[in-house]
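Asker: Take a look and give me a structure for this.
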Amino acid sequence: MHSILHRLLKPLCALLLGIGLFAAAGPVTAADTPAAQAVEDTASRMLVALKQQREALRADPSKIYGLVERIAVPRFDFEAISQWVLGRNWRGASPEQRQRFTAEFQNLLVRIYSNALLEYSDETVRFLPGAAPNADGDMLVRSEFVRRAGPVVPINYSVHQKNGQWLIYDVTVDGVSLVANYRTTFANQVRDQGMDGLIASLAKLNASGGR
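Answerer: Below you'll find the predicted structure:
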């Protein structure tokens, strides 16, 4: 089952490249809302850190994890991401299971995101005009990833305010949502193995370095 989960999660790398490419990008247009500014500020800090530590990262790529944990992770609401990815299975999980799943899923996403950052650079991202908040006050931060070759890729960040900060709870790259893409996958895992089985599969994948 570990290998099945790995195969199912592998496309997540392509999805999260949207964030990785954004942070490793070259020119970034100015954001026009506080929510977009928060995302842009995080990206700019990541870009500066990558440039400053380029040689160190070449010598020891594992150092990227520390940068991501320090700069990017605080911009994501991993509890909300985990809750919406699990859907109704979150409601049926115990507090201890929720905590374990969130930790393992966050660990996996950080690894994929970090590896994406190591592979991409010198691209361009531009922000698009901000959309109005929805009924809950959540915002959609819209951007476009402009590649040197190939079509422009839309990258949208769903953000909400939590403890006075704008945090990302979903990313949609070229129409593919992180949350929606893996809700069915994890629902099938829970159905076949139970919540503990899903958590064990994620833990095993993380222990192997995500391979």
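
Asker: Give me the distance from stretch 174-192 to the chain's centre.
Answerer: For stretch 174-192, the gap between its own C-alpha mean and the chain's C-alpha mean amounts to 14 Å (CA atoms, centre = their mean, to the nearest Å).

Asker: in that stretch, what counts as buried?
Answerer: Residues Ser177, Leu178, Val179, Asn181, Tyr182, Arg183, Thr185, Phe186, Ala187, Gln189, Val190 are the ones in stretch 174-192 that count as buried (16 or more other CB atoms under 10 Å). Backbone N, C-alpha and C define where each C-beta goes, glycine included.

Asker: And for stretch 135-154?
Answerer: So, applying 16+ other CB under 10 Å, buried residues of stretch 135-154: Met139, Leu140, Val141, Arg142, Ser143, Phe145, Val146, Val153.

Asker: Would you double-check that the fourth one falls in a strand?
Answerer: What that stands for is Arg142. Yes - under DSSP: H, G, I helix; E, B strand; the rest coil, Arg142 falls within a strand.

Asker: contacting residues for it?
Answerer: Contacts for Arg142 (CB atoms under 8 Å, 6 or more residues apart in numbering) come out as Phe127, Leu128, Pro129, Gly130, Ala131, Pro154, Ile155, Asn156.

Asker: now do the first one
Answerer: Met139 makes contact with Thr33, Ala35, Ala36, Gly130, Ala131, Pro133, Ser158, Val159, His160, Trp166 under the criterion CB under 8 Å, 6+ apart.

Asker: Number of residues surrounding the first one?
Answerer: Pointing back at Thr33 there. Using other CB atoms under 10 Å, Thr33 has 19 other residues around it.

Asker: which non-adjacent residue is nearest it?
Answerer: If the residues on either side of it in the chain are set aside, Thr33 comes closest to Gly130, at 3.9 Å by CB to CB, 6 or more residues apart in numbering.

Asker: one step back: scan the contacts of Arg142 and report the most crowded one.
Answerer: Top of these by neighbour count (other CB under 10 Å): Ile155, with 22 neighbours.

Asker: That one belongs to a strand?
Answerer: Yes - using three-state DSSP, the assignment for Ile155 is a strand.

Asker: hang on, isn't it packed against Phe145?
Answerer: Yes - if you go by CB atoms under 8 Å, Ile155 and Phe145 touch, sitting 5.4 Å apart.

Asker: Identify the farthest-apart pair in the buried residues of stretch 174-192.
Answerer: Ser177 and Val190 (19.3 Å; CB to CB).

Asker: Phe105 and Asp77: what is the separation?
Answerer: Going from Phe105 to Asp77 by CB to CB, to the nearest Å gives 12 Å.

Asker: Many thanks, I have nothing further to ask.
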